[in-house]
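[1] Got a sequence here, can you build the structure:
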Amino acid sequence: MSTEYSEPLKLVARQEVISGAINALTADRNQATLCRRSYVREVRDELISRGSYDAYAAEDLKDETIDRWEAFYDSITQNRDAASLKVAYLCGPNPQNDLRVFCAAGILPENIWAFESDATLHNQAVESALGSEFPFIKVIKGGIDIFLEASPMRFDIIYLDFCGPMPSRNKKQKTLLAVTRVLARHALNSPGALITNVSLPTEAGDASGRALLAKLVACYLYPKEFLEGDGDNTPEGPIAQGIEFDEWLAIVTGDLENYYGQFVTRLLMDHASFISPYNRFPKKNRIYSNFFKPLSRKESAALAASAFHFQDDGPGTGGDVIIDAGQYPVLWAFATLDKKTNSKDENYPQWVNSDPDFSSLAETFLSQLRIDGNKDDLIADSCEMTFSMLGGSSQEKYLSEPLYEAVRDYDFREYYQFCDLMLEHQIVELLFRQIAFPYHVNVEMTRRWRYQAKDTPMFMDLTILDECRYLYDWMPTTEMVSAGFSDPERQLAYRFVLDGVSKHRRWYNTEYFHGTAIIDQFTEPFEAKVLKLRVQLGANELDQAGGA
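    Numbers count the residues shown, from 1 in each chain. Below you'll find the model as predicted:
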């Protein structure tokens, strides 16, 4: 067993993350949802108090409709206590390490499932559990992700204590693929807590691996419109600041722990809300054709070529994804990391394909983002779904006939406009996401820690995920949506909830629900949410925990 499991700072981190997860799903459950129960009423009352034209529109939303939505919210969220939560975690040979912390917080041993892939370590874990005060836990031989392929079980907390990097070059240590499988199988209840713990190689331990990760981190963060700053500061990304990639790579390499910590969190956010649902929705399924017209391989390839090609005649002449990187940051990263996509593009950045080791890591990264490992389909499907929902004047080309009819005659002037204009893409996204069941990340409740396990930097994330069914299920399906939006009160309640949900993606995801604000992002308590900085655990935390 790795001694990392029993090191003093790991004990502190374990206590912090487990207690934080349980508290978020019990005492603070109303805050774990992206839109709190009182939000619709608060928005309505705030707008009315201003006495403006917004107040005139908001007055249409009566208490009876808000009461109905709040009862609907309660039916979905439901109060929970620790004894009713179900937990899955990677246990190693000694499951008591985490088990005692879970049980001390009120989790029942009968609701805890422990997983260990190594046969020898699994046998040790079983023996250890049977000889402990917790013989009622279930110890499974195999990984959580493999278990989920066979069982439709869902958990409230999933704790993936990898201790390796994400992604890992070790072919036996598929850290990112495990996360992909958890998200693809939709294994977390809502709201739910996903806990991950990953490492960053040291210069002494794996200098080449560290350098490759630095390049991957730099590439993934480069197109982001905003990065993390101090306090409530959300600085613009490197492209907006006019930073060339070579300079950006030097900046990331010089402060890799900081940017690797950002990369891990942003990857989890992107994966849950964008990458996984867009790749989980089966194009061969009859339901897909209710929304989109399947493109042929030739059409899909032409779309990617048009969107992904790099500048050939100077600035501003590349594909949409390249010249508007801030609007398509995940697709930009895919296009740049995948050598095959632009292998014939003479303007493709040479820093990608000049290093075969980095090309190998990039391929590992991309392939592990999709459950079947097919990176070509990952890129094609992500691109196709994105442009299908944001088709603009080309909507007839991408949307199914029923969905096209629902938005064809849309006129934003028929809807009251608050802070942002309500555009047709919001309707398309609503209807697709209603069926695709994405997770959304609660930015305000997400917590991160950094600590040293001997010499190895460790990065622990507590990510709170919410399916937001109180948003998606409030409105009807495709053929009925026009009638639903024609009811002013039902429409207003939906748009007020969407304001709350979107305030969590404001600084972090430009891929969906763009331009949905009802109240501006700086007015409390309706402000856009900002990630709390990653906490560095050290001597002070050990003193407080009595470990020094």
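
[2] quick one: the strands in the stretch 51-200 of the chain?
    For the stretch 51-200 of the chain, the strands defined by DSSP state E, counting those that start in this stretch cover 87-90, 112-116, 138-141, 155-161, 188-199.

[3] Now the first one - C-alpha only, CSV.
    Only the C-alpha atoms of strand 87-90 are listed here, as CSV (Å, rounded to 0.1, in the frame of the first residue of the first chain):
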residue,chain,number,x,y,z
VAL,A,87,-21.0,5.9,-1.2
ALA,A,88,-18.5,4.3,-3.6
TYR,A,89,-14.7,4.6,-3.1
LEU,A,90,-11.4,3.1,-4.1
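
[4] for that strand, the distance to its chain's centre please.
    Centroid separation for strand 87-90 versus its chain: 20 Å, with CA atoms, centre = their mean, to the nearest Å.

[5] Summarise which helices and strands it is packed against.
    Applying 3 or more CB pairs under 8 Å, 6 or more residues apart in numbering; DSSP states H and E, one finds that strand 87-90 contacts helix 96-104, strand 112-116, helix 144-150, strand 155-161. C-beta: built from backbone N, CA, C; applies to glycine.

[6] Can you pull out the low-pLDDT segments for the stretch 251-400 of the chain?
    Across the stretch 251-400 of the chain, the ranges flagged by pLDDT under 70 are 312-317, 342-353, 391-393.

[7] What are the boundaries of the helices in it?
    For the stretch 251-400 of the chain, applying DSSP state H, counting those that start in this stretch gives helices covering 256-270, 276-280, 297-308, 320-323, 329-337, 350-353, 356-367, 375-389, 395-398.

[8] I'd like those helices as JSON lines, with mean neighbour count and distance to residue 17 appended.
    As requested, the helices of the stretch 251-400 of the chain are exported to JSON lines (neighbours: other CB atoms under 10 Å; distance: least, CB to CB, whole Å):
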{"stretch": "helix 256-270", "mean neighbour count": "22", "distance to residue 17": "14"}
{"stretch": "helix 276-280", "mean neighbour count": "23", "distance to residue 17": "22"}
{"stretch": "helix 297-308", "mean neighbour count": "16", "distance to residue 17": "38"}
{"stretch": "helix 320-323", "mean neighbour count": "20", "distance to residue 17": "36"}
{"stretch": "helix 329-337", "mean neighbour count": "25", "distance to residue 17": "26"}
{"stretch": "helix 350-353", "mean neighbour count": "14", "distance to residue 17": "35"}
{"stretch": "helix 356-367", "mean neighbour count": "18", "distance to residue 17": "25"}
{"stretch": "helix 375-389", "mean neighbour count": "21", "distance to residue 17": "30"}
{"stretch": "helix 395-398", "mean neighbour count": "17", "distance to residue 17": "42"}
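
[9] With distance to residue 100 as extra columns, can I get those in TSV?
    Shown next, in TSV, are those (distance: least, CB to CB, whole Å):
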stretch	distance to residue 100
helix 256-270	27
helix 276-280	33
helix 297-308	51
helix 320-323	49
helix 329-337	39
helix 350-353	47
helix 356-367	36
helix 375-389	40
helix 395-398	53
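
[10] Please name whichever of the ones you listed is nearest to residue 187.
    Smallest distance to residue 187 across the helices of the stretch 251-400 of the chain (CB to CB): 11.4 Å, for helix 276-280.

[11] helices or strands next to that closest one in the packing?
    Going by 3+ CB pairs under 8 Å, 6+ apart, helix 276-280 lies up against helix 175-184, helix 375-389, helix 424-436.

[12] For residue 286, find the nearest of those helices.
    helix 424-436 (11.9 Å).

[13] Nearest to the middle of this protein, which residue? Look it up for me.
    A centroid search over the chain (CA atoms, centre = their mean) returns residue 269, at 2.2 Å, as the residue closest to the centre.

[14] Can you tell me the element residue 505 falls in?
    Of the helices and strands defined by DSSP states H and E, none includes residue 505.

[15] ditto for the one 10 residues further on
    Counting by DSSP H and E, residue 515 is held by no secondary-structure element, helix or strand.

[16] quick one: pLDDT of it?
    Note on residue 515: pLDDT of 87.

[17] just residue 143 next, same as before
    At residue 143, pLDDT is 89.

[18] What residues does it make contact with?
    By CB atoms under 8 Å, 6 or more residues apart in numbering, the contact set of residue 143 is 90, 115, 117, 178.

[19] Repeat that for residue 159.
    17-18, 87-90, 98, 195.

[20] again, but for residue 502
    Contact analysis of residue 502 by CB under 8 Å, 6+ apart lists 513, 516-517.

[21] and residue 258, which of the strands of the stretch 51-200 of the chain is closest to it?
    Using CB to CB, the nearest of these to residue 258 is strand 188-199, at 14.9 Å.

[22] Partner strands of that closest one, with direction?
    strand 155-161 (parallel), strand 456-466 (antiparallel) (DSSP bridges).

[23] mind showing which ranges of the chain have poor pLDDT?
    For the chain, counting by pLDDT under 70, the residues that fall below are 1-6, 312-317, 342-353, 391-393, 539-548.

[24] can you list the domains in it?
    Listed domain ranges for the chain are 3-26+86-273+438-475+521-545, 280-417 (source: automatic domain parsing).

[25] so the residue lying closest to residue 396 once chain neighbours are set aside, which of the three states?
    Excluding its sequence neighbours, the residue lying closest to residue 396 (CB to CB, 6 or more residues apart in numbering) is residue 404, at 5.7 Å. Following DSSP: H, G, I helix; E, B strand; the rest coil, the label given to residue 404 is helix.
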